[in-house]
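Student: got a structure for you, letters missing:
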């Protein structure tokens, strides 16, 4: 496969892979918070947790929407994916801090891996937008 064909293939394939990641991340955020809410495992004051949940579900919705748009090859999906992944990285960083404070090192490791995947997805988007 020539370099031009390979580059063209990668530029078409990578956004699709990021689209699936965005959808998966959005679904996982919704599932995680649904489980935590049903189990009564939310800390903090009523107003604080409600505002936090609004931001988490907004992030999940934007992430799923971006993923769908990327799969449909809509150009706006890439821009929305940057926003979704940026929100996701911020949320993951905060989550690592929370779990580190309470000594849940398995979750610190898990969310560290998720940050690496998110940062890789962002770098893929940057690669595919160039030129």
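Tutor: Received it, and whenever you're ready, just let me know what you need. Since we're looking at a predicted model, the values are computed, not measured.

Student: where's the helix or strand in which residue 18 is found relative to the chain centroid, distance-wise?
Tutor: Secondary structure from DSSP states H and E places residue 18 in helix 3-39. Relative to the centre of its chain, helix 3-39 is centred 7 Å away, using Cα atoms, centre = their mean, to the nearest Å.

Student: Go through that helix and flag the buried ones.
Tutor: Residues of helix 3-39 classed as buried: 14, 15, 18, 19, 21, 22, 23, 25, 26, 29, 30, 33 (neighbour count, 16 or more other Cβ atoms under 10 Å). Heads up, the C-betas are built off the backbone N, CA and C, glycines and all.

Student: Can you point out the buried residues in whichever helix or strand comes after it?
Tutor: Next helix or strand after helix 3-39 toward the C-terminus (DSSP H and E): helix 46-71. Using 16+ other Cβ under 10 Å as the test for burial, helix 46-71 gives 56, 59-60, 62-71.

Student: Would you convert the residues you listed into JSON lines that also reports distance to residue 91 and pLDDT?
Tutor: Shown next, in JSON lines, are those (distance: Cβ to Cβ, whole Å; pLDDT from 0 to 100):
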{"residue": "56", "distance to residue 91": "7", "pLDDT": "94"}
{"residue": "59", "distance to residue 91": "6", "pLDDT": "96"}
{"residue": "60", "distance to residue 91": "10", "pLDDT": "97"}
{"residue": "62", "distance to residue 91": "12", "pLDDT": "97"}
{"residue": "63", "distance to residue 91": "10", "pLDDT": "97"}
{"residue": "64", "distance to residue 91": "15", "pLDDT": "97"}
{"residue": "65", "distance to residue 91": "16", "pLDDT": "97"}
{"residue": "66", "distance to residue 91": "15", "pLDDT": "96"}
{"residue": "67", "distance to residue 91": "16", "pLDDT": "96"}
{"residue": "68", "distance to residue 91": "20", "pLDDT": "97"}
{"residue": "69", "distance to residue 91": "20", "pLDDT": "96"}
{"residue": "70", "distance to residue 91": "20", "pLDDT": "93"}
{"residue": "71", "distance to residue 91": "23", "pLDDT": "94"}
